[in-house]
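[1] need a 3D model of the sequence below.
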Amino acid sequence: MLSLMIIIFAVFFGLDVVIKQHVEENMNPGEKRELFGDAVIIRKVYNRGFLLNILDNHPAIVKGATMVTGIGVLVYDVFVFLGKGHLVKKLGMTLLSAGAASNSFDRLVRGKVIDYIGFRNQKKFLARITANLADFYIACGGVLLTICAVFSRK
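    The predicted structure follows:
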């Protein structure tokens, strides 16, 4: 099972990194491309902070917190993957870890995270939010981990 999770991690991490690089090299800031009619908008946005650019003017804090969080995720991964069973929990951690690793790579190497997925929405605030696949991996992994926590036997 560990080898399957490593493959999933590598594929998901690699996919997001490759798409980010493609967006970086082939799109200009402010340029938009529409998918699925006009429901999904592909655009290049830099996030130098955390969610919604929180702490974007404090790069040292962002990098430090990224490293500490990354170490914490890695340590938790070791405990989860050394245990037997718990397939859903392991899948959740694999997704969360792939997303965290991709965004951490961006923050530590590029100094910013490249976001590229937006959704058309009547609410201006929601329409301005731009994410990347890594953000969706983190969210999906978090949902799976929450499900595991809620339904686990004590």
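
[2] low pLDDT regions in the protein?
    153-154 (pLDDT under 70).

[3] run the last query once more with 90
    Residues of the chain that meet the criterion pLDDT under 90 lie in 1-3, 29-31, 36-38, 48-62, 64, 83-85, 121-128, 151-154.

[4] show me where it has its helices.
    For the chain, the helices defined by DSSP state H cover 2-26, 59-82, 87-105, 124-128, 133-151.

[5] and for the closest residue to F50 other than its chain neighbours, the neighbour number?
    Using Cβ to Cβ, 6 or more residues apart in numbering and skipping the chain neighbours, the partner closest in space to F50 is V62 (6.6 Å). (C-beta placed from N, C-alpha, C; glycine too.) Close neighbours of V62, defined as other Cβ atoms under 10 Å, add up to 22.

[6] I'd guessed V62 sits against R48; true?
    Yes. Judged on Cβ atoms under 8 Å, V62 makes contact with R48 at a distance of 7.1 Å.

[7] give me the common contacts of these two.
    Listed as contacting both V62 and R48 by Cβ atoms under 8 Å, 6 or more residues apart in numbering are D56.

[8] what sits against the residue most central in space within the chain?
    Taking Cα atoms, centre = their mean, the centroid of the chain lies closest to A134, which sits 2.3 Å from it. Counting by Cβ under 8 Å, 6+ apart, A134 touches D16, A98, G99, A100, S102, N103, V113.

[9] any idea how far the first one is from M1?
    Distance of D16 to M1, given as Cβ to Cβ, to the nearest Å: 23 Å.

[10] next one: the third one
    Using Cβ to Cβ, one gets 20 Å for the distance from G99 to M1.

[11] again, but for I147
    I147 is 18 Å from M1, by Cβ to Cβ.

[12] didn't V73 look like it was pressed against A100?
    Yes. With contact taken as Cβ under 8 Å, V73 and A100 are classed as touching, separated by 5.3 Å.

[13] the more surrounded of these two?
    Neighbours per residue (other Cβ under 10 Å) separate V73 from A100, with A100 holding more: 23 against 18.

[14] which ones are touching the more buried one?
    Applying Cβ under 8 Å, 6+ apart, the residues contacting A100 are T69, G70, V73, A134, I138.

[15] mind doing that once more with 7 Å?
    A100 makes contacts with G70, V73, I138, as judged by Cβ atoms under 7 Å, 6 or more residues apart in numbering.

[16] and which of those residues is nearest to V11?
    Closest to V11 out of those is I138 (16.0 Å), distances taken as Cβ to Cβ.
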